[in-house]
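Visitor: Dropping the sequence and predicted coords here.
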Protein chains: 2
Amino acid sequence: MNNHENQTNQEKLIPTQRSQVKRLPQRADYELQTIYNILDEGLICYVGFVVNNQPFVIPTAYGRINDKLYIHGSPASRMLRSLVGAIEVCVTVTLLDGLVLARSAFHHSMNYRSVVIFGKAEIVGAESEKLEALQAFTEHVVPGRWNEVRQPTRQELQGTLVLSLPITEASAKVRTGAPNDDEADYNLPVWAGVLPLQLDVGKAVADSRLPENIEMPAYVKNYSR
Amino acid sequence: MNNHENQTNQEKLIPTQRSQVKRLPQRADYELQTIYNILDEGLICYVGFVVNNQPFVIPTAYGRINDKLYIHGSPASRMLRSLVGAIEVCVTVTLLDGLVLARSAFHHSMNYRSVVIFGKAEIVGAESEKLEALQAFTEHVVPGRWNEVRQPTRQELQGTLVLSLPITEASAKVRTGAPNDDEADYNLPVWAGVLPLQLDVGKAVADSRLPENIEMPAYVKNYSR
């Protein structure tokens, strides 16, 4: 694992043949901090894997600890049923920041920040690491939640499949700002600009079976993303 | 194409081995209208495909016309460079509706509506269908936009690769509502409930090169999703 450790000490990943951004490479970013920030802000990742040459793409929650991404094994159970050990995956996370309205249909675009990770996802065997991963899942989605809820029982822990994926072969891709129109099109009498998008958090809804004396915690009341 | 046409006349798709929801099947929905509604509300799909047994998952915009999903070929260009004709894909769209905070770490969940489509994506050859697909892309993202912008030139049309995927082997999966806690856990003094999430549209930002006399169209001002 020396190679792996060396890579995580870098501030920037070295693109490989598959992780190098081929299309619009000017939008590529291999800085680890950029990659981590996008992963930490996102809530759902898309896990791609292959069974008998058939691609599957499954959305699922995730957590990150340093240079490792943890995903629930259950989404991949279709394939894990027949597999022991590691599975080749491609994991993608995208944050949508805006709709880019250009003067031509052709130059319409979106502002986004995305990450693609390639590598082998491995089943986490050690109970201690599994527990850390479950904590990372919960804290990733709702920081402050883990210490307040009932912890996993031994049985729950054993019934949960967790996969670990090193974030060592990955790239980010980012588009920001105004439309890029053809020079001639700037004279057209067409409105152009950006419609910003973001994830909005509504007012929390208490469970109907919640006793009235249990107050909403601050991390729920003030939740933002 | 008779088989295909027959299937689109159904109101409900028949699950196949790969499109059948295996995990939590009670959340599965094969109604075409459910599938179409999710696809129409989403903005980004995740296209999974295989090259030399390596999975790739690429986020991209899309459009729908009846029972066909259209995607830009460019994201798949990595593979299309060496391919003519059809490519096996798995396309996933997910709408995130809420974070489900249970009393135990184990039962934390998310409310979501997702669609998974399996099938062969084919290159659209006919210019007329290609133009219809580009119109669907634009109108899918910003309804009302297409007729106002500069239409694609012949050169732009020829330089754009469009793929068509039949929505005939697909499933939706939907989770709504409160947490499902273990009966014993309802006695715990832990706040539980749902944090609703939705895509929020900010105030549109006009391009800095836009002349002042060009007003923001109503479909931009009142944009919602």
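Guide: It's in.

Visitor: who are the neighbours in contact with the residue sitting furthest away from the middle of chain A?
Guide: Ranked by distance from the centre of chain A (C-alpha atoms, centre = their mean), the top residue is A:Asn187, with 40.0 Å. By C-beta atoms under 8 Å, 6 or more residues apart in numbering or on different chains, the contact list for A:Asn187 is empty. C-beta: built from backbone N, CA, C; applies to glycine.

Visitor: Now do it, the pLDDT please.
Guide: Predicted confidence (pLDDT) for A:Asn187: 96.

Visitor: same question, the one 4 residues further on
Guide: Per-residue pLDDT puts A:Trp191 at 98.

Visitor: what helix or strand is A:Met110 on?
Guide: Using DSSP states H and E, A:Met110 sits in strand A:109-123.

Visitor: Could I get the average pLDDT for whichever helix or strand comes after that strand?
Guide: Reading on from strand A:109-123 to the C-terminus, the next helix or strand found by DSSP H and E is helix A:127-141. Helix A:127-141 shows a mean pLDDT of 96.

Visitor: Now do helix A:127-141 against strand B:109-123, angle only.
Guide: Angle, helix A:127-141 to strand B:109-123, by axes from the mean of the first three to the mean of the last three C-alpha atoms, to 10 degrees: 90 degrees.

Visitor: Output the contacting helices and strands for helix A:127-141.
Guide: Packing contacts for helix A:127-141, counted by 3 or more C-beta pairs under 8 Å, 6 or more residues apart in numbering or on different chains; DSSP states H and E, involve strand A:62-65, strand A:68-72, helix A:154-159, strand A:162-166.

Visitor: Take the ones you listed and lay them out in JSON lines including mean neighbour count and mean pLDDT.
Guide: Below are these laid out as JSON lines (neighbours: other C-beta atoms under 10 Å in any protein chain shown; pLDDT from 0 to 100):
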{"stretch": "strand A:62-65", "mean neighbour count": "20", "mean pLDDT": "97"}
{"stretch": "strand A:68-72", "mean neighbour count": "23", "mean pLDDT": "93"}
{"stretch": "helix A:154-159", "mean neighbour count": "12", "mean pLDDT": "89"}
{"stretch": "strand A:162-166", "mean neighbour count": "24", "mean pLDDT": "94"}
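
Visitor: Would you convert these into CSV that also reports distance to A:Leu99?
Guide: Output for those, formatted as CSV (distance: least, C-beta to C-beta, whole Å):
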stretch, distance to A:Leu99
strand A:62-65, 26
strand A:68-72, 28
helix A:154-159, 42
strand A:162-166, 31
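
Visitor: where does chain A dip in pLDDT?
Guide: Counting by pLDDT under 70, chain A shows low-confidence ranges at A:1-9, A:73-85.

Visitor: try it again with 80
Guide: Along chain A, segments meeting pLDDT under 80 span A:1-10, A:73-85.

Visitor: Which neighbouring elements make contact with the helix or strand that contains A:Val57?
Guide: Taking DSSP H and E as the definition, A:Val57 sits inside strand A:54-60. Here strand A:54-60 touches strand A:45-51, strand B:45-51, strand B:86-101, strand B:109-123, going by 3+ C-beta pairs under 8 Å, 6+ apart.

Visitor: Go again with 10 Å.
Guide: With contacts taken as 3 or more C-beta pairs under 10 Å, 6 or more residues apart in numbering or on different chains; DSSP states H and E, strand A:54-60 sits against strand A:45-51, strand A:68-72, helix A:77-80, strand A:86-101, strand B:45-51, strand B:54-60, strand B:86-101, strand B:109-123.

Visitor: Relative to A:Asp200, which of these is closest?
Guide: strand B:86-101 (11.1 Å; C-beta to C-beta).

Visitor: Please spell out which residues along that closest one are buried.
Guide: B:87, B:89-101 (16 or more other C-beta atoms under 10 Å in any protein chain shown).

Visitor: Figure out how far that strand is from the centre of its chain.
Guide: Offset of strand B:86-101 from its chain centre (C-alpha atoms, centre = their mean, to the nearest Å): 7 Å.

Visitor: Also stretch A:146-157?
Guide: 24 Å.

Visitor: Same check on stretch A:188-195?
Guide: The chain centroid and the centroid of stretch A:188-195 are separated by 32 Å under C-alpha atoms, centre = their mean.

Visitor: and if you look at stretch A:167-187?
Guide: With C-alpha atoms, centre = their mean, you get 20 Å for stretch A:167-187.

Visitor: How about stretch A:118-134?
Guide: 16 Å.

Visitor: For it, buried residues please.
Guide: So for stretch A:118-134, counting by 16+ other C-beta under 10 Å, buried means A:Phe118, A:Gly119, A:Ala121, A:Ile123, A:Val124, A:Lys130, A:Leu131, A:Glu132, A:Ala133, A:Leu134.

Visitor: Endpoint to endpoint, that stretch covers what distance?
Guide: Stretch A:118-134 has its terminal residues 22 Å apart, counting by C-alpha to C-alpha, to the nearest Å.

Visitor: try stretch A:183-191
Guide: First-to-last residue span, stretch A:183-191, C-alpha to C-alpha: 15 Å.

Visitor: same deal with stretch A:51-70?
Guide: So stretch A:51-70: terminal residues 21 Å apart, C-alpha to C-alpha.
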